[in-house]
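> Below are the sequence and a predicted model for it; my questions follow.
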Amino acid sequence: MFDSTKITFADLGLSEECVAHLAEIGYEHPSPIQEKFLPPALKGTDCLGQSQTGTGKTAAFMLPILEKIGDSEQDPQGLVLCPTRELSEQVAQEAKKICHFKDIEIAVVVGGRPIRNQVQHLERGVDIVVGTPGRIIDLHKRRNLSFDNLKTVVLDEADRMLDIGFRPDMEYILKRCPKKRQTLLLSATIPEEISRIARQFMDSPQHIDVSAENVVTQTVDQFYCTVDEHKKFALLVKLLSKEKPKQVIVFCRTKRKADQIYNRLSTRLPSVAALHGDLPQTKRDRVMKNFREGHVRLLVATDIVGRGIDVGGISHIINFDIPEHSDDYVHRIGRAGRLSSEFLGKAFTLVTKEQGPELTRIEMLVNRMIPEYQVD
Ligand code: AMP
């Protein structure tokens, strides 16, 4: 998969047993972010990595945590903050895969699920905690989650955490972590606010930027369609019947819109589901499971939950609404350009005449002209 590089994991300073385990799970060569991030991170340097989801960044921050974990500690030694529940789950799944050769206990602590099970899990003793900031703070205040022994703190998708309004929570947590610790920050973009957090809470961080090497926008065929707002739904139906996607995510800007589109589509098509932040967690989990297993073929989603979904079979992304923030465009279409998929994904963005400048901003961001797709 990453055989363009001759570098191996052994060259990056990982232990022998770790390299052997990575080979077992099919990680032969490091991805670009892993290749650049791991050497300083394994030395204990604070690192600020600029990279999107789907580029192998979970292993980039998880392996340094893993190599530092001592045997005898009771309290968690690694803490990973994620913006959403889904992403926390995904990071934990990937972490479990990577850590399998060691006796490591990983807990996921997220809102929307019973706190009691999470408390019990923490009481049994865990090495790494992955979760969303709100629940992490709750558990810390209740004295169920100690920060005292943390050796590594990771802020994953830090830009998205800021977007959601987690800044005070992130600061609350970082202020209470041990001074002597390693902080790793991963973010697709580095706006001024991220730089400020880095200056305030990180120790001379090394900036690792592989965003230009991100293949996502090159591995997805992108098109836009000009359409009047009231004709969007008809166009969506036409695109679906023409393209016959294997699996598709239809992105909407708002939860209400996502529900509306879902309601209209589900009367016409089988295997349709909606995913947005207003749904109860159990429902969200069920939808994600069904999507991952291929029972759901068409998912109508909003950005918050759509980001970071790592499902190999997604062939198409349809931006029913052009994303509000251009960065989200890359995240959305990245869902169809996963490392694990062997085919070229396709992305269609429905654009009204007034939204021309928004399309131009996206074109500048992905550094290419997106061709128009003509539908009768
Ligand atoms: P991530 O960006 O961490 O969500 O990773 C995206 C996908 O790439 C996951 O399915 C990983 O298991 C896979 N992956 C990450 N690093 C490697 C690697 N070095 N070799 C092969 N697959 C990888």
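Arrived safely, thanks for sending. Numbers count the residues shown, from 1 in each chain.
> where does the helix-or-strand element of the chain with minimal mean pLDDT sit relative to the chain's centre, distance-wise?
Least confident helix or strand, the chain: helix 303-306 with a mean of 76, by mean pLDDT, DSSP states H and E. Computed by Cα atoms, centre = their mean, to the nearest Å, the chain-centroid distance of helix 303-306 equals 10 Å.
> Pull the residues that contact that helix.
The contact list for helix 303-306, computed with Cβ atoms under 8 Å, 6 or more residues apart in numbering, reads 83-84, 86, 164, 249, 251, 253, 275-277, 284, 323-324, 328, 331-332, 335. Where C-beta positions appear, they are placed from N, C-alpha and C, glycine not excepted.
> same thing with stretch 292-302?
Here stretch 292-302 makes contact (Cβ under 8 Å, 6+ apart) with 240, 245-255, 258, 261-262, 265, 269-277, 287, 290-291, 309, 311, 313, 320.
> mind running it again at 6 Å?
247-251, 255, 258, 261-262, 271-276, 290-291, 311 (Cβ atoms under 6 Å, 6 or more residues apart in numbering).
> again, but for stretch 362-376
In contact with stretch 362-376 (Cβ under 6 Å, 6+ apart) are residues Thr217, Gln222, Phe223, Tyr224, Cys225, Lys238, Ser326, Tyr329.
> From those, pick the one nearest the ligand.
Within these, the smallest distance to the ligand is 15.2 Å, found for Thr217 (Cβ to the nearest ligand atom).
> Which pLDDT value goes with the closest one?
The per-residue pLDDT reported for Thr217 equals 63.
> Which of the contacts of stretch 292-302 fall in strands?
Among the contacts of stretch 292-302, the residues falling in strands (DSSP state E) are Val248, Ile249, Val250, Phe251, Val272, Ala273, Ala274, Leu275.
> Mind checking if stretch 300-307 is in reach of the ligand?
No - judged by Cβ under 6 Å from any ligand atom, stretch 300-307 stays clear of the ligand, getting no closer than 11.3 Å.
> I figured Ile106 hits Val91, correct?
No - using Cβ atoms under 6 Å, Ile106 is not in contact with Val91, being 9.3 Å away.
> More neighbours: which of those two?
Between Ile106 and Val91, Val91 has the larger neighbour count (other Cβ atoms under 10 Å), namely 28 against 20.
> picking up where we left off before, now a PyMOL select for only the buried ones of the contacts of helix 303-306.
A single PyMOL command selects the buried members of the contacts of helix 303-306 (16 or more other Cβ atoms under 10 Å):
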select buried, resi 83+84+86+249+251+253+275+276+284+323+328+331+332+335
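> among the contacts of helix 303-306, which are within reach of the ligand?
When the contacts of helix 303-306 are checked against the ligand using Cβ under 6 Å from any ligand atom, none falls in range.
> wait, doesn't Gly112 sit right on Pro280?
No - counting by Cβ under 6 Å, Gly112 sits too far from Pro280 to count as a contact (7.0 Å).
> Can you pull the residues that touch both of the two?
By Cβ under 6 Å, 6+ apart, no residue touches both Gly112 and Pro280.
> thinking again about what came up before, any chance of TSV for the contacts of stretch 362-376, columns neighbour count?
Shown next, in TSV, are these (neighbours: other Cβ atoms under 10 Å):
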residue	neighbour count
Thr217	20
Gln222	24
Phe223	15
Tyr224	21
Cys225	20
Lys238	14
Ser326	18
Tyr329	28
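> Next, format those residues as a markdown table and append distance to Gly356.
Below are these laid out as a markdown table (distance: Cβ to Cβ, whole Å):
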| residue | distance to Gly356 |
| --- | --- |
| Thr217 | 20 |
| Gln222 | 16 |
| Phe223 | 15 |
| Tyr224 | 10 |
| Cys225 | 13 |
| Lys238 | 22 |
| Ser326 | 14 |
| Tyr329 | 15 |
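> Between all of those residues, which two are separated the most?
The most widely separated members of those are Lys238 and Ser326, with 26.2 Å between them, by Cβ to Cβ.
> Phi and psi next, for the closest residue to Phe9 other than its chain neighbours.
Distance criterion Cβ to Cβ, 6 or more residues apart in numbering; nearest residue to Phe9, sequence neighbours excluded, is Val19 at 4.7 Å. Dihedral angles of Val19 (phi, psi; degrees, to the nearest 10) stand at phi -60, psi -40.
> Distance-wise, check Val19 relative to Gly70.
Using Cβ to Cβ, to the nearest Å, Val19 is found at 20 Å from Gly70.
> Flag the shaky bits of the stretch 51-200 of the chain, pLDDT-wise.
Along the stretch 51-200 of the chain, the parts satisfying pLDDT under 70 run over 53, 72-73.
> Might you enumerate the residues of it proximal to the ligand?
Neighbours of the ligand within the stretch 51-200 of the chain, by Cβ under 6 Å from any ligand atom: Thr53, Gly54, Thr55, Gly56, Lys57, Thr58, Ala59, Glu94.
> Out of those, which comes closest to Thr189?
Closest to Thr189, out of all of these and judged by Cβ to Cβ, is Thr53, at 12.6 Å.
> before we move on, back to that, can I get the buried part of the contacts of stretch 292-302 as one PyMOL selection?
Restricted to buried positions by 16+ other Cβ under 10 Å, the PyMOL selection for the contacts of stretch 292-302 reads:
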select buried, resi 247+248+249+250+251+255+258+261+262+272+273+274+275+276+291+311
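> What does the pLDDT read for Gly277?
88.
> swap in the one 10 residues further on?
On pLDDT, Val287 comes in at 93.
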